[in-house]
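Chemist: just a sequence and a predicted model for now, questions to come.
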Amino acid sequence: MAAPTTCYIGLGSNLDEPRQQLDRACRALGQLPASQLIRCSSYYTTKAIGPGCQPDYQNAVAELTSALSPLELLDQLQRIEQSQGRQRSVRWGARTLDLDLLLYGQLSLDSARLTLPHPRLHERRFVLEPLLEIAPQLALPERGSAAQLLAKLD
Ligand code: ROI
């Protein structure tokens with residue numbers, strides 16, 4: 001099996017007790033095979049970005065080390081989303097749980113199922129703030145310092 005890689009997962013919920021959804025998701029991340037949950041950020045209450053009117057979100061970021069491949073990890077994240085009642089019918093719609101694979105080490109990847117780093121990571125305050133709380137020195141492949149990316153959003 002591959003050497004463990006440090007990965008960051010974005011968590012978001014705005015339906016059905018969002019804080020409890022994130023608690024449950026963090027516990028599930030702690031039980032992933034061949035992986036170790038290192039830390040989870042605090043929860044941030046954020047205004048919904050995107051079309052339409054939605055309830056506020058709870059957002060957080062978790063750091064894992066994992067020996068799963070990127071697609072194996074993605075499969076596991078989608079399994080957790082489904083186990084918490086995620087429906088994928090409406091794009092940008094309200095959701096019980098969204099788990100985004102943000103970063104897999106310093107890997108850059110563009111495949112049908114998965115783009116790494118996450119394609120909108122650098123422009124989303126609701127991701128960068130919790131990410132910087134747990135990884136203040138982080139640099140993104142090709143885009144550089146996460147702290148500078150957040151400062152540019154101000
Ligand atoms: N807005 C916020 N604030 N947080 C999210 O996690 C989130 N997720 C989404 C969209 C609909 C883009 N908006 C969001 O998928």
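Modeler: Now that the structure is in, tell me what you want to look at.

Chemist: give me the low-pLDDT residue ranges for this structure?
Modeler: Residues of the chain meeting the criterion pLDDT under 70: 1, 88-90.

Chemist: give me that answer again for 80
Modeler: By pLDDT under 80, the weakly predicted segments of the chain are 1-2, 51, 86-94, 154.

Chemist: quick check, the residue in it closest to the ligand?
Modeler: With CB to the nearest ligand atom as the measure, G12 is the residue of the chain nearest to the ligand, at 2.6 Å. All C-beta atoms are positioned from the backbone trio N, CA, C, and that covers glycine.

Chemist: now the strands for the protein?
Modeler: Taking DSSP state E as the test, the strands found in the chain are 5-13, 35-40, 44-46, 57-66, 98-104, 109-110, 115-116, 139-140, 144-145.

Chemist: circling back to that earlier point, so the residue of the chain closest to the ligand bridges to which residues?
Modeler: For G12, the beta-bridge partners are N59, D98 (DSSP bridges).

Chemist: hang on, it packs against D98?
Modeler: Yes: if you go by CB atoms under 8 Å, G12 and D98 touch, sitting 4.2 Å apart.

Chemist: neighbour count for these two, which is higher?
Modeler: Taking other CB atoms under 10 Å, G12 and D98 do not tie; G12 has more neighbours (25 against 17).

Chemist: OK, contacts around the more buried one?
Modeler: Listed by CB atoms under 8 Å, 6 or more residues apart in numbering, the contact partners of G12 are 57-59, 95, 97-98, 100, 126.

Chemist: now do C26
Modeler: C26 neighbours (CB under 8 Å, 6+ apart): 11, 37, 40, 60, 62.
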